[in-house]
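Engineer: need a 3D model of the sequence below.
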Amino acid sequence: MKTAAMKSFTKKEWTSADELIAESAVSEALTESSTQVDKSNDSSSVSVVFPKRPQISMGRMAEAHQNTLNELSVLSQLQHENIISLLSVVVTPPSILIEYAPMGTMKLMYETYHQSSQRLSPCVSQITIVQIASGIEFLHKRSIVYRDLKGDNVLVWRFPTPNNPPLVATNNEVLIKLSDYGIGQFASINGLRGFAGTPGFIAPEIIKYHGKEVYSNKVDIFSLGMVIYELITLHPPYDKFNQQQANQAIESGVRPSLSKKDLNSLILQRELMIWCWQQDPEMRPTATQVVEVARSQQFCRLVDGIRIDNDGRVLCVCHREIPITLRQKN
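Structural biologist: Residues are numbered from 1 along each chain as shown. Model prediction:
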């Protein structure tokens, strides 16, 4: 979800959603489809999302309006700890009040860790995958296909800092939620059509047929594989490619590479990533299977080697056993 026109308002000033939206809209030339406004001086922060004023064409206006309606249609049915909540709706101008993420997006977390020359700890990676997959599982059980899963659309409420990683992460240290359902769709029993997503995260079956053939919710699992890649490398897949090159690579089965440093990540995390980004959607796991594997006791213990702290104490020991469910798929 792209963010613009950020401004703080006191509780006293928060008297009219119309005035708030109008003031924010005037503050910047608005050409995108949505924005956020932080009400940071109240204990329950919110964001306001509304169609921006397009400066190009009526087509862009219609698209922005439709994306807002899609997001409202999806959000109105969702109540889950890892799904951003819809708080209220304003009719004129059309706007949506949603939760405000105090720590921004997962992309910002990647950048913060990268700038500190740190990697996500095994336990933080594990619980992050569990929470993202739990949100996707919730959507899929309600026949909703997300279609734009990426670090930019994963919002962060709680996350450890690079210099103070916990040895064991829980929901007290990590809380993330999926956002931006402008291109999310309810799928029929036969699947759905349409070209949607972000280059580098789009499933090959969408690219191959330009969205004109029916596909399933397994497109979200492919994107989840790319998000796991982001968790390992701290950068987006195919970040050196342009849009056409990224699409061609995915369609031909070429996957982003890992550096030597990346290979210090959890073995099961890498295996799960490979399972998720399989070329054949039928070979990918369901979101429920991803949650089960990521929640397994072995997941954050399986590291390639021995991890010790500065005092020589062993933190993790290598173990290459792979669960049967994962071994059968690969």
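Engineer: show me which residues of the lengthiest helix in the chain are buried.
Structural biologist: As assigned by DSSP state H, the longest helix anywhere in the chain is helix 122-141. For helix 122-141, a neighbour-count test (16 or more other Cβ atoms under 10 Å) marks 122-140 as buried. For the C-beta atoms, the positions are set from N, CA and C on the backbone; glycine is no exception.
Engineer: go on, stretch 85-103?
Structural biologist: Neighbour-count burial for stretch 85-103 flags 86, 90, 94, 95, 96, 97, 98, 99, 100, 101 (criterion: 16+ other Cβ under 10 Å).
Engineer: between those residues, which is closest to residue 253?
Structural biologist: residue 101 (34.9 Å; Cβ to Cβ).
Engineer: what sits up against stretch 273-281?
Structural biologist: Contact with stretch 273-281 is made by 203-205, 215-216, 218-219, 221-222, 224-226, 228-229, 232, 253, 255, 283-285, 290, 326, 329-330, as judged by Cβ atoms under 8 Å, 6 or more residues apart in numbering.
Engineer: the closest residue to residue 157 other than its chain neighbours pairs with what?
Structural biologist: Counting by Cβ to Cβ, 6 or more residues apart in numbering, residue 175 is the residue found nearest to residue 157 once chain neighbours are left out, at 4.1 Å. As for beta bridges, residue 175 partners with residue 158 under DSSP bridges.
Engineer: what's the average pLDDT for stretch 229-245?
Structural biologist: Regarding stretch 229-245, the rounded mean pLDDT is 95.
Engineer: ok, now stretch 281-299?
Structural biologist: Stretch 281-299 comes out at a mean pLDDT of 93.
Engineer: list the buried residues for that stretch?
Structural biologist: By neighbour count on 16+ other Cβ under 10 Å, the buried set for stretch 281-299 is 281, 284, 285, 287, 289, 290, 291, 292, 293, 294, 296, 299.
Engineer: any idea how far residue 111 is from residue 118?
Structural biologist: As judged by Cβ to Cβ, to the nearest Å, residue 111 and residue 118 stand 12 Å apart.
Engineer: where do the contact lists of the two overlap?
Structural biologist: Listed as contacting both residue 111 and residue 118 by Cβ under 8 Å, 6+ apart is no residue at all.
Engineer: grab the nearest non-local neighbour of residue 287.
Structural biologist: Per Cβ to Cβ, 6+ apart, closest to residue 287 is residue 137, 3.7 Å.
Engineer: hmm, that neighbour is touching residue 289, no?
Structural biologist: No. If you go by Cβ atoms under 8 Å, residue 137 and residue 289 don't touch, sitting 9.4 Å apart.
Engineer: shared neighbours, those two?
Structural biologist: Counting by Cβ under 8 Å, 6+ apart, nothing touches both residue 137 and residue 289.
Engineer: please name the residues that touch the residue nearest to residue 287.
Structural biologist: Taking Cβ under 8 Å, 6+ apart, we find residue 137 in contact with 286, 287, 288, 290, 291.
Engineer: for residue 220, pull up the helix or strand it's in.
Structural biologist: Element membership of residue 220, judged by DSSP states H and E, is helix 218-233.
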